[in-house]
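Trainee: coords please:
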Amino acid sequence: MKWLVTGGCGFIGTSLIRHLITEGNHSITVLDNLTTGTREDLSNVCDFDEIPREALLSAYRSGDSCNLALDRRCKLIAGDILDQELAHAVSRDADIIVHLAANTGVGRSVEDPRLDCHTNVIGTFNYLEAARQNKVSRFVFASSGAPIGEVEPPIHEELAPHPASPYGASKLAGEGYCSAYKHSFGLDTVILRFGNVYGPGSLHKGSVVAKFIRRAMNSQPLEIFGDGTQTRDFIYIEDLIEAVLKAATKQGIGGEIFQIATNRETTVGEMTEYLVRIMQSRGIQGIKLRNAERPPGDVRRNFSDTSKARRLLNWQSKTHLEAGLERTVDYFLQP
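Mentor: Next comes the predicted model:
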C-alpha cells in the first residue's frame, strides 16, 4: 500500500511508520512542517529520502512521476498542510491518507483560535479535497473527545457535540467535512477520536504524562490543574496504532466514527500517583506537586465507551495504565 502520513514526524506518526516499516512492502510518504516533530525523530524509526518541495511541485506540474526517491521506501516532504497545491502533489499516488497534522491542545487553541481554525479546518479540507481529486481509497482523520465538550461520560459516537474549546470546534469541523466528503463524493473517511495518548516516543508531546516526566527529570514541580479529580482516558501508543492500522485497512467502515481509548476513567491525581511512584523507583527523587487554576475549555470528566470499536473494528486496548507508564518512564530515561 502507498501511505501518506501528514504530521508523520510527530509522536503518533513515527509510531505508525515504525509499524509499517516492520510489516514491510509499504511505500510511505511523510508530510510535516517540522515545528514539533523533527527529521531526527523520523530517522530514529526509518531511513528516508527528503524530497524538496519545489522538486515535487515541478514534477507534479509537468505530469511526471512524483516518486523521486529510488532507494528507500520512506519519503519526507517538509511543508505545511495549508499549502493547497502541495496537498494535491503529495497525495497524487497515495492509497491511504492518515491525517495526523494539526494544531493540538486546548490551551494553544484558546491562546490563538484563529491559527487553530486555519490549521485544523482549512488544513483538513485541503487533504480531503486532494484525496477526492486523486481518488485516494481511504482517509483516516485523527480527532479527539474535544468536539463532544462537557458532558456526562462515557463519551460515545451518538452524543451530540458541544465543544468547550476552539480546538474542539475545529476538530468537529474536520469531522463534519469528513462526513460530507463520504456522503457527497463517496470518499471512504474514517474518524478516530483519540483518548489521551502516551508512551515511548512522546519526547516532544505536550500532554500531561510526557510533560510531568520531563518536569520531574528537570527538578521542576508537577503542576496539576484544579484539584486533580478531573478525569481522562489514557491510551498507550501501541494500542492506538493498532486501531489506526485497522481503520486504514478494514473494509466496510467508510463514514464511521470510533472512540479510540480504554473505556476506563482515571483521575489526573490517580495517574500522577502511579507516575510518581514509578519515577521514584527509577531514581528520580524530590518530586514536588503543586496545584494551579484550571484553564478555560478544560473539561471536568472525559472517558470513552469503546464498544463500537470492539464491534466493528475488532479492536480494544490491552495495556494497563501502570504498565504503560513504566515503559514510558524507561523510554525517557534511556541514554
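Trainee: could I get the CA-only coordinates of stretch 272-292 as PDB?
Mentor: Output in PDB follows, covering the C-alpha atoms of stretch 272-292 (Å, rounded to 0.1, in the frame of the first residue of the first chain):
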ATOM      1  CA  THR A 272       0.100  11.200  39.000                       C
ATOM      2  CA  GLU A 273       0.400   8.800  41.900                       C
ATOM      3  CA  TYR A 274       1.300   5.900  39.600                       C
ATOM      4  CA  LEU A 275       3.700   8.100  37.700                       C
ATOM      5  CA  VAL A 276       5.500   9.500  40.800                       C
ATOM      6  CA  ARG A 277       5.900   6.000  42.300                       C
ATOM      7  CA  ILE A 278       7.400   4.700  39.100                       C
ATOM      8  CA  MET A 279       9.800   7.600  38.700                       C
ATOM      9  CA  GLN A 280      10.900   7.300  42.300                       C
ATOM     10  CA  SER A 281      11.600   3.600  41.700                       C
ATOM     11  CA  ARG A 282      13.800   4.700  38.800                       C
ATOM     12  CA  GLY A 283      15.800   7.000  41.000                       C
ATOM     13  CA  ILE A 284      14.100  10.300  40.400                       C
ATOM     14  CA  GLN A 285      13.700  11.800  43.800                       C
ATOM     15  CA  GLY A 286      12.400  15.000  45.300                       C
ATOM     16  CA  ILE A 287       9.400  15.200  43.100                       C
ATOM     17  CA  LYS A 288       7.100  18.100  44.100                       C
ATOM     18  CA  LEU A 289       3.500  18.700  43.200                       C
ATOM     19  CA  ARG A 290       1.500  21.900  43.000                       C
ATOM     20  CA  ASN A 291      -2.000  22.900  42.100                       C
ATOM     21  CA  ALA A 292      -2.900  25.500  39.500                       C
END
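Trainee: ok, residues contacting that stretch?
Mentor: Defining contact as Cβ atoms under 8 Å, 6 or more residues apart in numbering, one finds that stretch 272-292 is touched by 209, 212-213, 216-217, 219, 221-228, 321-322, 325-326, 329-330, 333. For glycine as for every other residue, the C-beta is placed from the backbone atoms N, C-alpha and C.
Trainee: against residue 153, how distant is residue 233?
Mentor: 8 Å (Cβ to Cβ, to the nearest Å).
Trainee: quick check on the contacts of stretch 272-292: which are buried?
Mentor: The neighbour-count test (16 or more other Cβ atoms under 10 Å) marks 209, 212-213, 216, 222, 224, 228, 321, 325-326, 329 as buried among those.
Trainee: hang on, the earlier thing: mind checking which of the contacts of stretch 272-292 land in strands?
Mentor: The strands, defined by DSSP state E, take in 222-225 from those.
Trainee: okay if I get the residues you listed as a markdown table plus pLDDT?
Mentor: What follows is the ones in strands among the contacts of stretch 272-292, written out as a markdown table (pLDDT from 0 to 100):
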| residue | pLDDT |
| --- | --- |
| 222 | 97 |
| 223 | 95 |
| 224 | 94 |
| 225 | 89 |
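Trainee: quick check: phi and psi at residue 260.
Mentor: Dihedral angles of residue 260 (phi, psi; degrees, to the nearest 10) stand at phi -110, psi 90.
Trainee: no, scratch that, I was asking about residue 245
Mentor: When read as degrees, to the nearest 10, the backbone of residue 245 gives phi -60, psi -40.
Trainee: tell me which element residue 129 is part of?
Mentor: Applying DSSP states H and E as the criterion places residue 129 in helix 123-133.
Trainee: and that helix, how far out from the chain middle?
Mentor: Centre-to-centre, helix 123-133 and its host chain are 18 Å apart (Cα atoms, centre = their mean, to the nearest Å).
Trainee: and after it, which helix or strand comes next?
Mentor: Using DSSP H and E, the helix or strand that follows helix 123-133 towards the C-terminus is strand 138-144.
Trainee: contacts for that next one next, please.
Mentor: Here strand 138-144 makes contact (Cβ under 8 Å, 6+ apart) with 12, 95-100, 102, 124, 127-128, 131, 167-168, 171, 174-175, 178, 181, 187-195, 244, 247-249, 254, 257.
Trainee: please name every helix or strand in contact with the longest helix along the chain.
Mentor: Among the segments of the chain that qualify as a helix by DSSP state H, the longest is helix 166-185. Helices and strands touching helix 166-185, by 3 or more Cβ pairs under 8 Å, 6 or more residues apart in numbering; DSSP states H and E, are helix 106-111, helix 113-117, helix 123-133, strand 138-144, strand 189-194.
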